[in-house]
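Novice: Below: sequence and its predicted model.
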Amino acid sequence: MKKLPSAYDFKTLEEAIAFYTRTVAEVAKNRDYSLHEEILRFKRELHERIDKEYDPAL
């Protein structure tokens, strides 16, 4: 199984969101469900990063 980078590895939040969007679209197009767990992990990290950047008190 391929390992996706962390959502925190990207310089900006926009880059991380763009990567997530491209990855999900590619996986859905190819119907390659082997990355399902990795995509969910990345999505959780992405939501954590969004919460921290928009509400630093968290």
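Specialist: Looks like it arrived, so ask away.
Novice: any weak-confidence spans in this structure?
Specialist: 1, 58 (pLDDT under 70).
Novice: where's the residue most central in space within it, which helix or strand?
Specialist: Computing the C-alpha centroid of the chain and ranking residues by Cα atoms, centre = their mean puts residue 42 first, at 3.7 Å. Taking DSSP states H and E as the criterion, the element that holds residue 42 is helix 36-54.
Novice: Show me which positions of that helix end up buried.
Specialist: 38, 42, 45, 46, 49 (16 or more other Cβ atoms under 10 Å). The way it works is simple: take the backbone N, C-alpha and C, and place the C-beta from them, glycine included.
Novice: ok, how many other residues are close to the closest residue to the third one other than its chain neighbours?
Specialist: Looking back up the chat, that one is residue 45. Sequence neighbours aside, residue 7 is the residue nearest to residue 45 in space, at 3.7 Å (criterion: Cβ to Cβ, 6 or more residues apart in numbering). Look at residue 7: counted by other Cβ atoms under 10 Å, it has 22 neighbours.
Novice: Could you do residue 19 as well?
Specialist: With neighbours defined by other Cβ under 10 Å, the count for residue 19 comes to 17.
Novice: and the gap between it and residue 32?
Specialist: 16 Å (Cβ to Cβ, to the nearest Å).
Novice: circling back to that earlier point, can you tell me which helices and strands the helix holding residue 42 packs against?
Specialist: helix 13-30 (3 or more Cβ pairs under 8 Å, 6 or more residues apart in numbering; DSSP states H and E).
Novice: May I have the helix it packs on as PDB, with CA atoms only?
Specialist: Extracted in PDB, the C-alpha atoms of helix 13-30 (Å, rounded to 0.1, in the frame of the first residue of the first chain):
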ATOM      1  CA  LEU A  13      -3.100  24.700   3.700                       C
ATOM      2  CA  GLU A  14      -4.200  25.400   0.100                       C
ATOM      3  CA  GLU A  15      -1.500  23.000  -1.200                       C
ATOM      4  CA  ALA A  16      -2.700  20.300   1.200                       C
ATOM      5  CA  ILE A  17      -6.300  20.700   0.200                       C
ATOM      6  CA  ALA A  18      -5.400  20.600  -3.500                       C
ATOM      7  CA  PHE A  19      -3.400  17.400  -3.000                       C
ATOM      8  CA  TYR A  20      -6.300  15.800  -1.100                       C
ATOM      9  CA  THR A  21      -8.700  16.800  -3.900                       C
ATOM     10  CA  ARG A  22      -6.500  15.500  -6.700                       C
ATOM     11  CA  THR A  23      -5.800  12.300  -4.800                       C
ATOM     12  CA  VAL A  24      -9.500  11.600  -4.100                       C
ATOM     13  CA  ALA A  25     -10.400  12.300  -7.700                       C
ATOM     14  CA  GLU A  26      -7.700  10.000  -9.100                       C
ATOM     15  CA  VAL A  27      -8.600   7.200  -6.700                       C
ATOM     16  CA  ALA A  28     -12.300   7.500  -7.500                       C
ATOM     17  CA  LYS A  29     -11.600   7.600 -11.200                       C
ATOM     18  CA  ASN A  30      -9.500   4.500 -11.100                       C
END
